[in-house]
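**Student:** Got a sequence here, can you model it:
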Amino acid sequence: MIRTMSKKHLLAGLAAAGVLGVGIAAPTVALADDKNPKPSSSASSTDQGDERRQKHADRQAEFAEALAKELGVSTDKVTAALEKLHEQRQGDRPERPERPSTEDRQAALKERLDPEARPRSAAAWAAGRRAARRTAAPDPSWYVAPRW
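**Tutor:** Predicted coordinates:
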């Protein structure tokens with residue numbers, strides 16, 4: 001049995017194909033036209049960090065100038081006030097804990113993934129689970145008081 005496609009279904013299919021084609025082509029064209037390509041991985045991270053700090057400093061200076069103009073005070077006073085506020089807030093922040101070294105993290109990962117440390121069979125796993133239940137404090141949440 002031969003089935004013919006109605007004109008409505010044909011146009012709907014062509015429209016869907018066109019939308020799909022535009023959806024795939026548009027990002028590709030936008031990526032190809034990128035005038036400022038992202039720095040390659042060969043660029044050093046210190047260069048990127050310096051550039052980032054410079055941009056941050058520029059934005060802060062622009063903000064201080066705009067704020068000084070709006071308030072009608074000198075830019076130096078606004079900059080000094082912002083720096084003072086920054087120092088106060090930095091003192092209020094808790095210190096970040098020191099990150100463990102790469103060797104320490106790799107050793108911890110190796111210990112977690114060590115096949116010798118894990119039970120080898122379901123029976124060994126069940127025995128370890130029973131032992132953990134005996135040593136753990138009882139959980140009162142399972143008990144429901146009777147309603148009299």
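
**Student:** Please list all residues in contact with residue 77.
**Tutor:** residue 68 (C-beta atoms under 8 Å, 6 or more residues apart in numbering). Placement of C-beta: from N, CA and C, glycine included.

**Student:** remind me which residues of this structure are low pLDDT?
**Tutor:** Low-confidence segments of the chain, defined by pLDDT under 70, span residues 1-2, 30, 33-45, 115-120, 125, 133-146, 148.

**Student:** same thing but at 90, please
**Tutor:** Within the chain, the stretches falling below the threshold (pLDDT under 90) are 1-50, 56-57, 60, 75, 78, 82-83, 85-100, 107-148.

**Student:** Quick one: distance of the helix or strand hosting residue 16 to the chain centre.
**Tutor:** Taking DSSP states H and E as the criterion, residue 16 maps to helix 7-32. With C-alpha atoms, centre = their mean, to the nearest Å as the basis, helix 7-32 stands 32 Å off its chain's centre.

**Student:** hey, where'd the helices end up in this structure?
**Tutor:** 7-32, 45-71, 75-92, 102-113, 122-135 (DSSP state H).

**Student:** For burial, what's the neighbour tally of residue 68?
**Tutor:** Counted by other C-beta atoms under 10 Å, the residues lying close to residue 68 total 17.

**Student:** Am I right that it is in contact with residue 74?
**Tutor:** Yes: using C-beta atoms under 8 Å as the test, residue 68 is close enough to residue 74 to be in contact (6.2 Å).

**Student:** Enumerate every residue touching residue 14.
**Tutor:** With contact taken as C-beta under 8 Å, 6+ apart, residue 14 is in contact with no other residue.

**Student:** And the one 4 residues further on, by the same measure?
**Tutor:** When the contact criterion is C-beta under 8 Å, 6+ apart, residue 18 has no partners at all.

**Student:** thinking again about what came up before, which among the helices of the chain is found nearest to residue 147?
**Tutor:** When these are ranked by distance to residue 147, counting by C-beta to C-beta, first place goes to helix 122-135 at 28.1 Å.

**Student:** how about the CA coordinates for the closest one, as PDB?
**Tutor:** As requested, the backbone C-alpha atoms of helix 122-135 are provided in PDB (Å, rounded to 0.1, in the frame of the first residue of the first chain):
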ATOM      1  CA  ALA A 122      28.700 -10.600  49.500                       C
ATOM      2  CA  ALA A 123      29.100 -12.700  52.700                       C
ATOM      3  CA  ALA A 124      32.100 -10.600  53.800                       C
ATOM      4  CA  TRP A 125      30.200  -7.400  53.000                       C
ATOM      5  CA  ALA A 126      27.200  -8.600  55.100                       C
ATOM      6  CA  ALA A 127      29.500  -9.600  58.000                       C
ATOM      7  CA  GLY A 128      31.000  -6.100  57.900                       C
ATOM      8  CA  ARG A 129      27.500  -4.600  57.800                       C
ATOM      9  CA  ARG A 130      26.400  -6.600  60.800                       C
ATOM     10  CA  ALA A 131      29.500  -5.600  62.800                       C
ATOM     11  CA  ALA A 132      28.800  -1.900  62.000                       C
ATOM     12  CA  ARG A 133      25.200  -2.300  63.200                       C
ATOM     13  CA  ARG A 134      26.300  -3.800  66.500                       C
ATOM     14  CA  THR A 135      28.800  -1.000  67.200                       C
END
